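K.L.:
Model the structure of this input:
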Amino acid sequence: MAERIPATVITGFLGAGKTSLIRHLIENADGKRFAFIINEFGDLGVDRELLVGCGMEDCTEDDVVELANGCICCTVADDFLPTIEAILARPQRPDHIIVETSGLALPKPLVRAFGWPEVRTQVTVDGVVAVIDSGAVAEGRFASDPDAVQAQREADNNLDHESPLEELFEEQVQCADMIVLNKTDLLDDAGLDRVSAAVAKHLRPSVHTIKASHGKLDPRVLLGLEAAAEDDLDTRPSHHDDGHEHDHDDFDSFILPLGPIEDLAALETRLLAAISEHDILRVKGFLDVPGKPMRQVVQAVGGRLQRYFDRDWQPEEKRASRLVVIGQHGLDQDAITAAIAG
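P.N.:
As a prediction, the model looks like this:
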């Protein structure tokens with residue numbers, strides 16, 4: 001049997017920095033040919049565009065496949081398996097497959113799919129990497145109401161009612177072969193201690209935790225784990241092992257189209273105000289800045305917002321400003337649109 005292609009599953013909460021980590025892998029590919037499967041939450045395809053827009057020879061449009069038809073763990077048979085088979089059928093097969101899950105995906109069902117007969121003879125899960133937004137976890141952002149949840153836990157040790165976000169956090173940590181505590185530059189020692197303690201409660205034996213900023217890690221640390229995760233699923237506990245269906249009704253997202261943005265500072269002010277007032281989890285997208293040949297990327301997680309130019313607008317490409325807004329169920333789309341559009 002020919003040597004199996006290693007695959008790395010990169011999971012993590014919304015805005016944890018998965019795409020930044022992948023871009024750093026591309027920048028340091030050292031001749032390795034990657035194939036990427038990107039599971040975007042929302043319809044804009046931002047993560048895929050961030051990768052193919054980086055302009056590097058090691059990352060071409062053909063190497064990046066986007067699955068935008070829903071959470072990858074819920075559409076394995078319809079989307080993921082045909083995509084893997086198409087990658088394996090290429091004349092020039094990749095050296096390594098990278099799967100970036102959406103922020104809502106349960107990693108275990110995806111790992112289980114690698115054990116299907118049509119896949120397991122050709123691909124093995126080299127490792128599951130969970131990227132943790134250290135700042136968000138330190139603030140309790142993986143819970144819908146972290147203060148109330150914590151108070152209930154402390155008041156009643158028998159209480160077993162956890163928020164969907166915290167449950168998702170646990171799923172990702174419990175399935176991981178490596179934990180990346182990202183954005184550690186934003187925390188002091190006390191904050192890092194809180195994050196480490198939150199992760200340690202759910203960490204499997206012998207799983208390493210490493211610190212990073214902006215997703216910058218040596219690929220030799222992340223790749224070549226040789227975990228064969230599809231063969232030891234029983235060691236990766238899940239809240240859903242009893243057959244309970246994974247439900248995404250706790251989250252909403254919508255696309256907000258905007259016109260050309262003349263005043264970037266004013267837009268940023270409106271964005272931050274809307275994020276705070278409406279408890280928005282994530283904003284990401286692209287801006288058309290008149291007079292600038294390059295498009296601008298917007299990435300916001302909670303009250304942290306980044307803007308940067310990533311590539312030129314293409315001649316055949318329609319310049320447009322569009323944002324994806326992601327939050328918990330019940331987002332007031334009209335009010336948020338009015339607040340951001342100005």
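K.L.:
Only C-alpha atoms from now on, for both contacts and neighbour counts.
P.N.:
OK.
K.L.:
Next, find the distance separating residue 16 from residue 204.
P.N.:
Distance of residue 16 to residue 204, computed by Cα to Cα, to the nearest Å: 21 Å.
K.L.:
In terms of neighbours, single out the busier of these two.
P.N.:
residue 16 (26 against 18; other Cα atoms under 10 Å).
K.L.:
Could I get the full set of helices for the stretch 101-250 of the chain?
P.N.:
Taking DSSP state H, counting those that start in this stretch as the test, the helices found in the stretch 101-250 of the chain are 107-113, 117-120, 134-138, 146-155, 164-175, 189-200, 219-222.
K.L.:
Could you dump those helices into a markdown table with distance to residue 83 added?
P.N.:
Shown next, in a markdown table, are these (distance: least, Cα to Cα, whole Å):
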| stretch | distance to residue 83 |
| --- | --- |
| helix 107-113 | 12 |
| helix 117-120 | 11 |
| helix 134-138 | 32 |
| helix 146-155 | 38 |
| helix 164-175 | 23 |
| helix 189-200 | 32 |
| helix 219-222 | 23 |
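K.L.:
Could I get those helices in a markdown table, plus columns for mean neighbour count?
P.N.:
Shown next, in a markdown table, are these (neighbours: other Cα atoms under 10 Å):
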| stretch | mean neighbour count |
| --- | --- |
| helix 107-113 | 22 |
| helix 117-120 | 14 |
| helix 134-138 | 23 |
| helix 146-155 | 13 |
| helix 164-175 | 24 |
| helix 189-200 | 16 |
| helix 219-222 | 14 |
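K.L.:
okay if I get these as CSV plus mean pLDDT and distance to residue 259?
P.N.:
Compiled in CSV, the helices of the stretch 101-250 of the chain are given as follows (pLDDT from 0 to 100; distance: least, Cα to Cα, whole Å):
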stretch, mean pLDDT, distance to residue 259
helix 107-113, 86, 37
helix 117-120, 77, 45
helix 134-138, 84, 31
helix 146-155, 39, 36
helix 164-175, 84, 33
helix 189-200, 91, 39
helix 219-222, 88, 39
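K.L.:
Between those helices, which one is closest to residue 292.
P.N.:
Minimum separation from residue 292 across the helices of the stretch 101-250 of the chain (Cα to Cα) falls at helix 134-138, 32.6 Å.
K.L.:
just checking, residue 254 touches residue 328?
P.N.:
No: the criterion here is Cα atoms under 8 Å, and residue 254 misses it with residue 328 at 11.6 Å.
K.L.:
residues in contact with residue 124?
P.N.:
By Cα atoms under 8 Å, 6 or more residues apart in numbering, the contact set of residue 124 is 4-7, 114, 228-230.
K.L.:
which of those lies closest to residue 178?
P.N.:
Nearest to residue 178, judged by Cα to Cα, of these is residue 229 at 11.7 Å.
K.L.:
Setting aside sequence neighbours, what's the nearest residue to the closest one?
P.N.:
residue 125 (5.4 Å; Cα to Cα, 6 or more residues apart in numbering).
K.L.:
okay, that neighbour: pLDDT?
P.N.:
pLDDT for residue 125: 94.
K.L.:
Just the residues contacting the longest helix along the chain, thanks.
P.N.:
In the chain, with assignment by DSSP state H, the single longest helix is helix 264-278. Applying Cα under 8 Å, 6+ apart, the external contacts of helix 264-278 come out as 261, 280-281, 302-303, 305, 331-332, 336, 339-342.
K.L.:
Tell me the helix or strand right after it.
P.N.:
As assigned by DSSP states H and E, the chain's next helix or strand after helix 264-278 is strand 282-287.
K.L.:
Counting by contacts, list what that following strand packs against.
P.N.:
For strand 282-287, the elements it packs on are strand 294-301, strand 321-328, judged by 3 or more Cα pairs under 8 Å, 6 or more residues apart in numbering; DSSP states H and E.
K.L.:
what about 10 Å?
P.N.:
Packing contacts for strand 282-287, counted by 3 or more Cα pairs under 10 Å, 6 or more residues apart in numbering; DSSP states H and E, involve helix 46-52, strand 251-258, helix 264-278, strand 294-301, strand 304-312, strand 321-328.
K.L.:
For the third one, list every residue counted as buried.
P.N.:
It stands for helix 264-278. Applying a neighbour-count criterion of 16 or more other Cα atoms under 10 Å, one finds 267-268, 270-275, 278 buried in helix 264-278.
K.L.:
Mind checking which of the contacts of residue 124 are in strands?
P.N.:
Among those, the ones falling in strands (DSSP state E) are 5-7.
K.L.:
quick one: the closest residue to residue 279 other than its chain neighbours and residue 253, what's the gap?
P.N.:
Counting by Cα to Cα, 6+ apart, residue 279 lies nearest to residue 327, which is 7.2 Å off, once chain neighbours are set aside. Residue 327 sits at a distance of 6 Å from residue 253 (criterion: Cα to Cα).
K.L.:
which one of the contacts of residue 124 is nearest residue 20?
P.N.:
Taking Cα to Cα as the measure, residue 20 lies nearest residue 7 of these, at 18.1 Å.
K.L.:
how much space between that closest one and residue 295?
P.N.:
From residue 7 to residue 295 the distance is 32 Å (Cα to Cα).
K.L.:
Between those two, point out the one with more neighbours.
P.N.:
Legend: neighbour count by other Cα under 10 Å for residue 7 and residue 295, higher for residue 7 (27 against 21).
K.L.:
my guess is the more buried one meets residue 35, correct?
P.N.:
Yes: using Cα atoms under 10 Å, residue 7 is in contact with residue 35, at 9.3 Å.
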